[in-house]
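# Model the structure of this input:
(one chain, ligands or ions: 2)
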Amino acid sequence: MASEPMSVSDYRTTVRTLLGAQPSSTRELAHCRGLVLAEEVIAPVSLPPFDNSAMDGYAVRAVDVADANQDNPVELPVTTDIPAGRTEVPPLLPGTAHRIMTGAPLPPGADTVVQVELTDGGIERVRIDGSAPVGKHLRRTGEDVIAGSKILEPGTVLGPAQLGLAAAVGLRDLPVHRPPRVLVLSTGSELVAPGEPLLPGQIYESNSVMLASALREVGCEVRELRFVPDDVSAFHATLAPELDSVDLLVTSGGVSAGAFEVVKDALSGQGVEFTKVAVQPGGPQGCGRYQGVPVVTLPGNPVSALVSVELFLRPAVLGSLGHRSVHRRQVRARLTSALTSPGGKEQYRRGLYRPRLGEVSGEVGPSGGPGSHLLASFAAANCLIAIDKETTELAEGAEVDVLLLD
Ligand SMILES: Nc1nc2c(c(=O)[nH]1)N[C@H]1C(S)=C(S)[C@@H](COP(=O)(O)OP(=O)(O)OC[C@H]3O[C@@H](n4cnc5c(N)ncnc54)[C@H](O)[C@@H]3O)O[C@H]1N2
Ligand code: MOO
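Numbering: from 1, shown residues only. Ligands and ions are numbered 1, 2, ... in the order given. I've put the predicted structure just below:
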């Protein structure tokens, strides 16, 4: 007798557990964008590393310019220029000024900067038309980061600001979770490469580019092998040389109840369990380890395959890469038209969500029907409408959960 189908949530946990955690390795900053930090980062230097000027102007002592104003300017001799990058800076003597540029080190003895706009811009002597309190236009050592402090937490997704910060404290590389190397293998003797002529009974192969891009979007390094025929020995022969160099094998097709289910036939009893999940689309699933390599076998129907990635693979990959947030943003929305669902299984309808200005929930309508072959209406959708397994009918205006895909 057939066993009870598994719940979406249990199967999601099964796939997540299978993938485990990607090992960490150090990568140059230029190759870290979008990756997740595997360890905390401690700042080797302070930021700023030295007291410096925030303005182009004159470094002075505040007491020397305390009474300066337009009617009563103060004139000081200029001893030297301090451009940004000057490493040896002579001290400032009382009653003198150093011409200083933005980012240049503050000379010892100076305690403030008068911006050039408040002066005549003099080179040998400068006329100062305004006062500046102690600390004006100064950027103090460690104001941003103190050497030895933690600047980035493990689990941080590395974007422009985080990479800039790592470079600013002098780091060349960072410890990150290594992207998984994924082999996407699409099976089916009916499949033909896009661009080639089609014979009756053949269709264009579309799952590999679709699945590979979905997996690349979440940070996988993907290689595709298309057109593996519905033949078990051809399947094994294709796979054998690949297994050493992959962290995850994702197949499409050949997992349901037909007479020629190549993936099921090749991997059953070899560490891969084939399961029914109480969901539509995406019911027939399989996962496990084949010769030590994690395997996730997706159903061949294009919509089923992509919805399966959304529900199971995407969160598992993001989790294995150390992301703290692994789920799509979920919102509540009102249905713009009535919907039915088979009941007994969760249903994920492709939908079009429109936020409503100034309101917490937006509105959503189905994009096409529930069929697992309806790829065009998926391509026109921006969300999945989640319908629980108890619900069979939803009236127009009913509130539903919506997973936003963009
Ligand atoms: N008797 C039953 N038949 C089916 C059941 C069932 O429970 N009992 N489940 C149905 C469901 S639900 C799904 S989903 C599919 C899954 O089938 P398979 O994973 O075995 O996939 P295939 O039969 O190989 O293909 C299904 C469909 O998708 C097309 N396909 C496959 N690969 C690609 C590709 N790379 N690019 C484009 N299109 C592809 C294929 O031509 C078929 O039309 O099984 C149902 N049947
Ligand atoms: O479960 Mo299938 O994925 O409905 O087409």
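# All the helices of the stretch 201-350 of the chain, residue numbers only.
207-217, 232-239, 262-267, 302-308, 314-320 (DSSP state H, counting those that start in this stretch).
# Quick one: closest of those helices to L158.
helix 314-320 (14.2 Å; CB to CB). Every C-beta, even on glycine, is put in place using the N, C-alpha and C of the backbone.
# Name the surrounding residues that touch that closest one.
Here helix 314-320 makes contact (CB atoms under 8 Å, 6 or more residues apart in numbering) with 12, 15-16, 18-22, 177, 180, 214-215, 218-220, 248, 325-328.
# Separate out the buried members of those.
Buried members of the contacts of helix 314-320, counted by 16 or more other CB atoms under 10 Å: 12, 15-16, 18-19, 22, 177, 180, 214-215, 218-220, 248, 326, 328.
# L311 is in contact with R12, correct?
Yes: R12 lies in contact with L311 (CB atoms under 8 Å); the separation is 6.4 Å.
# ok, the closest residue to R12 other than its chain neighbours - how many residues close by?
Excluding its sequence neighbours, the residue lying closest to R12 (CB to CB, 6 or more residues apart in numbering) is F312, at 5.4 Å. By other CB atoms under 10 Å, the residues close to F312 number 25.
# buried ones in stretch 190-197?
E190, L191, V192.
# A66: which of those residues is nearest?
For the buried residues of stretch 190-197, the nearest to A66 is L191 (82.9 Å; CB to CB).
# what residues are up against the closest one?
Per CB under 8 Å, 6+ apart, neighbours of L191: Q202, I203, Y204, E205, R226, F227.
# Quick one: neighbours of G164, just the number.
Neighbourhood size, G164 [other CB under 10 Å]: 10.
# now the nearest residue to L35 once chain neighbours are set aside: how far from L318?
In this structure, L35 finds its nearest non-sequential neighbour in V176, 4.1 Å apart by CB to CB, 6+ apart. Counting by CB to CB, to the nearest Å, the separation of V176 from L318 is 14 Å.
# So between those two, which is more surrounded?
V176 (24 against 20).
# Doesn't that one lie inside a helix?
No: counting by DSSP: H, G, I helix; E, B strand; the rest coil, V176 falls outside a helix, being strand.
# so who does it touch?
So V176 contacts S24, S25, T26, R27, C32, L35, V36, L37, A38, L158 (CB under 8 Å, 6+ apart).
# and it, what are its bridge partners?
Beta-bridge partners recorded for V176 (DSSP bridges): S25, L37.
# one step back: and the buried ones among the contacts of helix 314-320, which of them are in strands?
The members of the buried ones among the contacts of helix 314-320 that map onto strands under DSSP state E are H177, L248.
# Out of the buried ones among the contacts of helix 314-320, which is nearest to Y353?
Of all the buried ones among the contacts of helix 314-320, R328 has the smallest distance to Y353: 11.4 Å, by CB to CB.
# surely the closest one meets D401?
No: assessed by CB under 8 Å, R328 is found out of contact with D401, at 10.7 Å.
# Find the nearest non-adjacent residue to A21, please.
S320 is the one closest to A21 (CB to CB, 6+ apart), at 5.6 Å.
# near ligand 1 too, which of the contacts of L191?
I203, E205 (CB under 6 Å from any ligand atom).
# Identify those among the contacts of L191 that sit within strands.
I203, Y204, R226, F227.
# Columns neighbour count and pLDDT on top of the residues you listed, output as CSV?
Listed next are the ones in strands among the contacts of L191 as CSV, based on neighbours: other CB atoms under 10 Å; pLDDT from 0 to 100:
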residue, neighbour count, pLDDT
I203, 12, 97
Y204, 12, 97
R226, 20, 90
F227, 17, 84
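# Closest one of those to T238?
Nearest to T238 among those: F227, at 9.4 Å, using CB to CB.
# Spatially nearest residue to that closest one (excluding sequence neighbours)?
Closest to F227 by CB to CB, 6+ apart is L191, at 5.5 Å.
# who's the one you found bridged to?
Under the criterion used (DSSP bridges), L191 bridges to I203.
# Please work out the residue of the stretch 151-300 of the chain nearest to ligand 1 and name it.
Going by CB to the nearest ligand atom, ligand 1 is nearest to G300 of the stretch 151-300 of the chain, at 2.5 Å.
# mind listing what that residue touches?
S186, T187, G188, N207, S252, G253, G254, V255, S256.
# Compare these and tell me which is most surrounded.
S252 (30 neighbours).
# Distance check, that residue against ligand 2.
11 Å (CB to the nearest ligand atom, to the nearest Å).
# Likewise for G319?
Applying CB to the nearest ligand atom to G319 and ligand 2 gives a distance of 23 Å.
# Give the burial count for that residue, as a bare number.
Quick note: G319 (other CB under 10 Å) scores 21 neighbours.
# How about the backbone phi and psi for C383?
phi -160, psi 170 (degrees, to the nearest 10).
# before we move on, the earlier item: V296 is in contact with the residue nearest to R12, correct?
Yes: counting by CB under 8 Å, F312 touches V296, with 7.1 Å between them.
# which neighbours do the two share?
V15, Q285.
# on that earlier part again, can you tell me which of the contacts of V176 are buried?
For the contacts of V176, a neighbour count by 16+ other CB under 10 Å gives the buried set as S24, R27, C32, L35, V36, L37, A38, L158.
# looking at this, G85 is in a strand?
No: per three-state DSSP, G85 lies outside any strand segment and is coil.
# contacting residues around it?
A104.
# ditto for V295
Counted by CB under 8 Å, 6+ apart, V295 has contacts L248, L249, V250, T251, L267, G271, V272, G286, C287, G288, R289.
# Go again with 7 Å.
By CB atoms under 7 Å, 6 or more residues apart in numbering, V295 lies in contact with L249, L267, V272, C287, G288, R289.
# Can I get the buried ones among these as something I can paste into ChimeraX?
With 16+ other CB under 10 Å as the criterion, this ChimeraX line picks the buried residues out of the contacts of V295:
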select :249,267,272,287,288
